[in-house]
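Peer 1: model the following, please.
(one chain, ligands or ions: 1)
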Amino acid sequence: MADLEKVIKVGDLQPGEMVRVEVRLNPVLLGNVNGEFFAVGNTCPHAELPIVDDKGTLDGNEVQCPYHGSVFDVTTGAVSQGPAAFALQKYSVRVEGDDILVGQE
Ligand code: FES
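Peer 2: Numbering: from 1, shown residues only. Coordinates of the predicted model:
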């Protein structure tokens, strides 16, 4: 069972938004896709740069790295478009009351 920690409140992330959070000191991208929360690593595997610095907007279930244009599916971490060759790490997400909890799978 994943060890989850509270990151933000449910009301802090609207559908279509994403935010950078930290889980056990690791940078994580938390996104709200149509009211469902998903979390993946926030470090682009192409050149090890951050995908989102603070808050941003998703394109459906996808996020584009601002550096060289790689696109990832935030629901799975999979690469939709290169140059990145590797997927983002996927994290577990659970909602408990008002809180969103995230942890490594
Ligand atoms: S660092 Fe993300 S596409 Fe290059």
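Peer 1: would you mind listing what in the protein touches the ligand?
Peer 2: Applying Cβ under 6 Å from any ligand atom, one finds that the chain approaches the ligand through 44, 46-47, 49, 65, 67-70, 83-84. All C-beta spots, glycine's among them, are computed from the backbone N, C-alpha and C.
Peer 1: among these, which ones are buried?
Peer 2: With neighbours counted by 16 or more other Cβ atoms under 10 Å, the residues of the chain next to the ligand contain buried members at 44, 46, 65, 70, 84.
Peer 1: inside strands: which ones of these?
Peer 2: When those are checked against strands using DSSP state E, the ones located there are Cys44.
Peer 1: reformat the buried ones among the residues of the chain next to the ligand as JSON lines; add pLDDT.
Peer 2: Rendered in JSON lines, the data for these read as follows (pLDDT from 0 to 100):
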{"residue": "Cys44", "pLDDT": "98"}
{"residue": "His46", "pLDDT": "97"}
{"residue": "Cys65", "pLDDT": "97"}
{"residue": "Ser70", "pLDDT": "98"}
{"residue": "Ala84", "pLDDT": "97"}
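Peer 1: closest to Val102 among the buried ones among the residues of the chain next to the ligand?
Peer 2: Nearest to Val102, judged by Cβ to Cβ, of those is Cys44 at 18.7 Å.
Peer 1: residues contacting that closest one?
Peer 2: For Cys44, the contacting residues are 50-51, 65, 67, 70, 84, 88, taking Cβ atoms under 8 Å, 6 or more residues apart in numbering as the criterion.
Peer 1: looking at these, which one is closest to Val95?
Peer 2: The shortest gap between Val95 and any of these belongs to Leu88, at 21.0 Å (Cβ to Cβ).
Peer 1: how many neighbours does the closest one have?
Peer 2: Using other Cβ atoms under 10 Å, Leu88 has 26 neighbouring residues.
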